[in-house]
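Colleague: sequence and predicted structure, then a few things I'm wondering about:
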Amino acid sequence: MSSLPAVTTQIPLNNDTTTAALQWLGGAAPVITTGTTWGVPWPKGVVKKEAGFLLSATKGETVNMQSWTLATWPDGPVKWSAHAIGADKGRNADQLTLSVAKNSTIKGNLKVNDHPDQNRSAY
């Protein structure tokens, strides 16, 4: 496993400070991946503390990811955000686009069953 980052960032994208263009190092996704994490610096005041993020592939399809705050500006906005995608996610795109979500509510399919006689499961 390499300790080098898998993606590089270019911010802003098309003069939009709420969007960052991402591309794989070397211009192509790795042949085998066990997942990828990266960080993005944000200009002061651009990303509110409660903001969410969206990751889009080249053709506009959404790529599932996790995001969290690494650092904040003294007055509260996000200074650095971290993001992670699972194995084989986003590998079919030459470029990915990370955007600050308009709404912090992200919809998805998650169902949790909790039965006293069975193991917990999420799917």
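Modeller: Received the coordinates, thanks.
Colleague: how close does residue 56 sit to residue 63?
Modeller: Residue 56 sits 7 Å away from residue 63 when distances are taken as C-beta to C-beta, to the nearest Å. Just so you know, the C-beta spots here come from the backbone N, C-alpha and C atoms, and that holds for glycine as well.
Colleague: can you work out which residues contact both of those two?
Modeller: Contact criterion C-beta atoms under 8 Å, 6 or more residues apart in numbering; residues shared by residue 56 and residue 63: residue 96.
Colleague: strands of this protein, start to end?
Modeller: With DSSP state E, the ranges of strands along the chain come out as 7-10, 19-24, 36-41, 53-56, 66-72, 78-85, 95-100, 112-113, 121-122.
Colleague: residue 30 is nearest to which of these?
Modeller: Set against residue 30 and scored by C-beta to C-beta, those come closest in strand 19-24, at 7.3 Å.
Colleague: ok, the closest residue to residue 43 other than its chain neighbours - how many residues close by?
Modeller: Ranked by C-beta to C-beta, 6 or more residues apart in numbering and with sequence neighbours excluded, the top spatial neighbour of residue 43 is residue 17, at 5.3 Å. When neighbours are defined as other C-beta atoms under 10 Å, residue 17 has 14 of them.
Colleague: before we move on, what about residue 71?
Modeller: Residue 71, neighbours per other C-beta under 10 Å, totals 12.
Colleague: which residues does it form beta bridges with?
Modeller: Following DSSP bridges, residue 71 is listed with bridge partners residue 80.
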